[in-house]
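Visitor: Next input, structure requested:
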Amino acid sequence: MDPGHPERPERLSTLLRHLKETGILEDVDVYEASPAQRPDLARVHGESYLDALDRVVPESGLVHVTLDTAMGPRSLDAAKAVAGAAVDGVRMVLEERKQRVFCAVRPPGHHAEESAAMGFCFLNGIAVAAMAALEDDRIDRVAVLDFDVHHGNGTVAAFMDNPSVLVCSSFQHPHYPYRYFDVDRPNIVNTPLPAGTRGIEFRNAVERDWLSALDDFKPQLILVSAGFDGHADDPLGDFLLTEDDFAWVTRLIADASNRHAEGRIVSVLEGGYDLDALSQCAAVHLQGLCS
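Guide: Next up, the predicted model:
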């Protein structure tokens, strides 16, 4: 992105350094992501859009796909690796090689719609992963749980007419991206919360909206759009959450996966732009997935 842009390489390098320094990486297996293949991407994104992304990749410098989303020479490769990591994670858990997977990746993806990049997102990795899971004969119901401070508009748009996928999204409202936050479908659970939301209010709302939906839907696999920009120190949101709140929501998701999905979870990093807060929140999230 442009100099000073919050979606910067240091997000991932700082996070990985923190996980190494705290010893968390010693307790997990680490894999390199493979790029998502065109058939996987095309289940979510239109062929003409994918072709357009390929054409716009610059040889050097930056090309602005939208006002806030720039593409460099390797940006699309990175976005394909994000989606590939999520798909690899799904296949790992469905083949019982792993029970839970966390994808430490960038750029984020949950704002990307069928034919539109936006909000730093080019490809919707979590949606691509959900569709890959549904290709497996053993999976009929997938839940996507999104606790980013920004609404997962692209994921809602992808599945609002697909009853095989339950999408639960908590987010600041009104706030970017101002799209699909009021979709009324049985399989879409939107949890809008005002600026200034604190941990107890976040927890009460998620328990109220998500738990009954999950227990009714009984997902066979849970995917997570893990956005940590709801932290009080984050520059792009106005929630007042702490690491304890992200540890709590991770336990809630893990408990739901144990009840319904044989413990299977694939979590994909979305937002989180204060480097220290991102690192600490992702660490407690990963520890919660491992417990």
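Visitor: Quick one: list the elements packing against the longest strand along the chain.
Guide: For the chain, the strand reaching the highest residue count under DSSP state E is reported as strand 165-172. Here strand 165-172 touches strand 142-146, helix 153-159, strand 188-193, helix 199-217, going by 3 or more C-beta pairs under 8 Å, 6 or more residues apart in numbering; DSSP states H and E. Any C-beta I mention is one placed from the backbone N, CA and C, and that applies to glycine too.
Visitor: In CSV, could you pull the C-alpha coordinates for that strand?
Guide: Extracted as CSV, the C-alpha positions of strand 165-172 are listed here (Å, rounded to 0.1, in the frame of the first residue of the first chain):
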residue,chain,number,x,y,z
VAL,A,165,-23.6,-21.2,5.1
LEU,A,166,-24.5,-19.4,8.3
VAL,A,167,-22.7,-16.0,8.6
CYS,A,168,-22.5,-14.2,12.0
SER,A,169,-20.9,-10.8,11.9
SER,A,170,-20.4,-8.4,14.8
PHE,A,171,-19.2,-4.9,13.8
GLN,A,172,-19.3,-1.2,14.6
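Visitor: Quick check: which ranges of the chain have low pLDDT?
Guide: Nowhere does the chain drop to pLDDT under 70.
Visitor: at 90 instead, please
Guide: The model of the chain has pLDDT under 90 over residues 1-2, 68, 291.
Visitor: can you give me the helices in the chain?
Guide: 10-21, 38-42, 47-56, 75-94, 125-134, 153-159, 199-217, 243-260, 275-290 (DSSP state H).
Visitor: mind putting the ones you listed in TSV, distance to Asn187 and mean neighbour count included?
Guide: TSV is the format used below for the helices of the chain (distance: least, C-beta to C-beta, whole Å; neighbours: other C-beta atoms under 10 Å):
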stretch	distance to Asn187	mean neighbour count
helix 10-21	31	16
helix 38-42	22	17
helix 47-56	24	13
helix 75-94	19	23
helix 125-134	12	29
helix 153-159	7	26
helix 199-217	7	16
helix 243-260	15	19
helix 275-290	24	21
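Visitor: right, so of these, which gets closest to Arg179?
Guide: Distance to Arg179, taken as C-beta to C-beta, is lowest for helix 153-159 among the helices of the chain, at 4.1 Å.
Visitor: so how far is the closest one from its chain's centroid?
Guide: 12 Å (C-alpha atoms, centre = their mean, to the nearest Å).
Visitor: ok, residues contacting that helix?
Guide: By C-beta atoms under 8 Å, 6 or more residues apart in numbering, the list of residues contacting helix 153-159 from outside reads 44, 109-114, 118, 121, 124, 126-127, 130, 144, 146, 165, 167, 169, 177, 179-181, 183, 187-188, 190, 225.
Visitor: Buried only: go through the residues you listed for me.
Guide: Buried by 16 or more other C-beta atoms under 10 Å: 44, 109-113, 118, 121, 124, 126-127, 130, 144, 146, 165, 167, 169, 177, 179-181, 183, 187-188, 190, 225, out of the contacts of helix 153-159.
Visitor: circling back to that earlier point, what's the angle between the longest strand of the chain and helix 125-134?
Guide: 160 degrees (axes from the mean of the first three to the mean of the last three C-alpha atoms, to 10 degrees).
Visitor: hang on, the earlier thing: would TSV of the helices of the chain with distance to Phe102 be doable?
Guide: Formatted as TSV, the helices of the chain follow (distance: least, C-beta to C-beta, whole Å):
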stretch	distance to Phe102
helix 10-21	10
helix 38-42	20
helix 47-56	26
helix 75-94	8
helix 125-134	13
helix 153-159	18
helix 199-217	19
helix 243-260	10
helix 275-290	5
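Visitor: mind checking which of those helices is nearest Met1?
Guide: helix 75-94 (8.5 Å).
Visitor: got the angle for that closest one vs helix 47-56?
Guide: Using the same axes, to 10 degrees: helix 75-94 against helix 47-56 is 130 degrees.
Visitor: Let me know the angle separating helix 75-94 from helix 243-260.
Guide: Using the same axes, to 10 degrees: helix 75-94 against helix 243-260 is 50 degrees.
Visitor: Which strands or helices does helix 75-94 pack on?
Guide: Using 3+ C-beta pairs under 8 Å, 6+ apart, helix 75-94 sits against helix 38-42, strand 100-103, helix 125-134, strand 221-226, strand 265-269.
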